[in-house]
Structures are given as structure tokens and as C-alpha cells.
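[1] model the structure of this input:
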Amino acid sequence: MQLTTEQPEFGPDTAELRIEKIDWQQTLDLRHRILWPDKDAEFCQVEGDEQALHFGGFIHQQLVSVASIFIHGRSARLRKFATDGEFQGLGIGSAMLGHVIAFLKDKDVDFFWCDARTSALAFYMKLGMKPDGERFDKSGIEYVKMRMPLKRRKLLL
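    Now for the predicted structure:
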């Protein structure tokens, strides 16, 4: 599946964002550079990567954003979502997650969730996700679980 979005507000160098499925190995460099630069590269590989869905956002031919989705039953979890620092603040991350959410709505998935860094809560809330539970610490960084329903339940009367 591929999505090409014209976004002229990015300027001439980033006018075209292409989102497509990628192999898990393609996610590792951005994960390491953006999320955990002070850890070993192996730290950025997640158990289950081989079975998960991975999406990449490309500007021209450069991979600038990655998102990994782990589906378990009727829920989908976002893990290791990263956008290259040079391309942050341009709407690429929002476009990536919008694409992922639209993809998941077409699947048999009821809700989407992630452990979000507290520094990024406003970003996730802007996309319609809501905090679910208390803040917690992972590897020295504060997180909160964010959640979003994807399908409305039909009420039986």
C-alpha cells in the first residue's frame, strides 16, 4: 500500500511524502538515531519485529519516518515511532499516523494504543488519542499509555 501526499507547506525539498510498508530492518537506523542514540543499536530491535507491520515515510528517496505496528487480537500497538530530526514539525509524523490509523480501520482492529513519551502527549492528543492510566518510567524516560478506539460498537436494543 502506498500513499503519496502533496504537501507544499513543507517547501521544495520535502514537497512529496510517500508512505509504504517496509521491512523491519529498515526501521533500525532511525529508531537508533532518534529514539535511543545513547543505547546500543540492538536496544532498538523489539521482540516480534519480524511479525509486525512497519511503515516508512519517504521524502524523495530518503526514509524520514518509521512506525511499527504490533497487532494482537483486536488491538494494535504503535512501537518505535520516529521521524528524522531534520523533518520534525512538518506534519510528517501526523501524516504517518493518519495513514496507519486509516489502514487499521480497514482491518479487524477495535483500538489503537501506544506508550507515549510524556514530552509527546500533545502530538498524540491532537490525533485523537487519550491518556489511559498513570505515568510510568521506562529506561529513564516518563511515559503514559495513550489509546484510541477505531471502531464503534453497535448497540443492541
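[2] do a quick rundown of the helices in this structure.
    Under the criterion DSSP state H, helices of the chain are mapped to 28-30, 92-105, 121-126.
[3] any idea which of those helices gets closest to Glu16?
    The minimum distance between Glu16 and those falls on helix 92-105, with 11.2 Å, by Cβ to Cβ. C-beta coordinates here come from the backbone N, C-alpha and C atoms, glycine included.
[4] output the helices of the chain as a markdown table; include the columns mean pLDDT.
    Conversion of these to a markdown table gives the following (pLDDT from 0 to 100):
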| stretch | mean pLDDT |
| --- | --- |
| helix 28-30 | 93 |
| helix 92-105 | 93 |
| helix 121-126 | 93 |
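[5] adding mean neighbour count and distance to Ala82, write these out as a markdown table.
    Listed next are those as a markdown table, based on neighbours: other Cβ atoms under 10 Å; distance: least, Cβ to Cβ, whole Å:
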| stretch | mean neighbour count | distance to Ala82 |
| --- | --- | --- |
| helix 28-30 | 18 | 5 |
| helix 92-105 | 19 | 9 |
| helix 121-126 | 14 | 13 |
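[6] buried set for stretch 26-42?
    Neighbour counts using 16 or more other Cβ atoms under 10 Å place Thr27, Leu28, Leu30, Arg31, His32, Ile34, Leu35, Trp36 of stretch 26-42 among the buried residues.
[7] quick revisit: show me the one of the helices of the chain that comes nearest Lys21.
    Of all the helices of the chain, it is helix 92-105 that lies closest to Lys21, at 9.1 Å by Cβ to Cβ.
[8] from the chain's centre, how far out does the closest one sit?
    Taking the mean of its C-alpha atoms, helix 92-105 sits 8 Å from the chain's own mean (Cα atoms, centre = their mean, to the nearest Å).
[9] same check, this time on stretch 16-32
    Centre-to-centre, stretch 16-32 and its host chain are 11 Å apart (Cα atoms, centre = their mean).
[10] what of stretch 117-135?
    On Cα atoms, centre = their mean, the centre of stretch 117-135 falls 13 Å from that of its chain.
[11] how long is that stretch from one end to the other?
    9 Å (Cα to Cα, to the nearest Å).
[12] repeat that for stretch 122-134.
    End-to-end span of stretch 122-134 (Cα to Cα): 16 Å.
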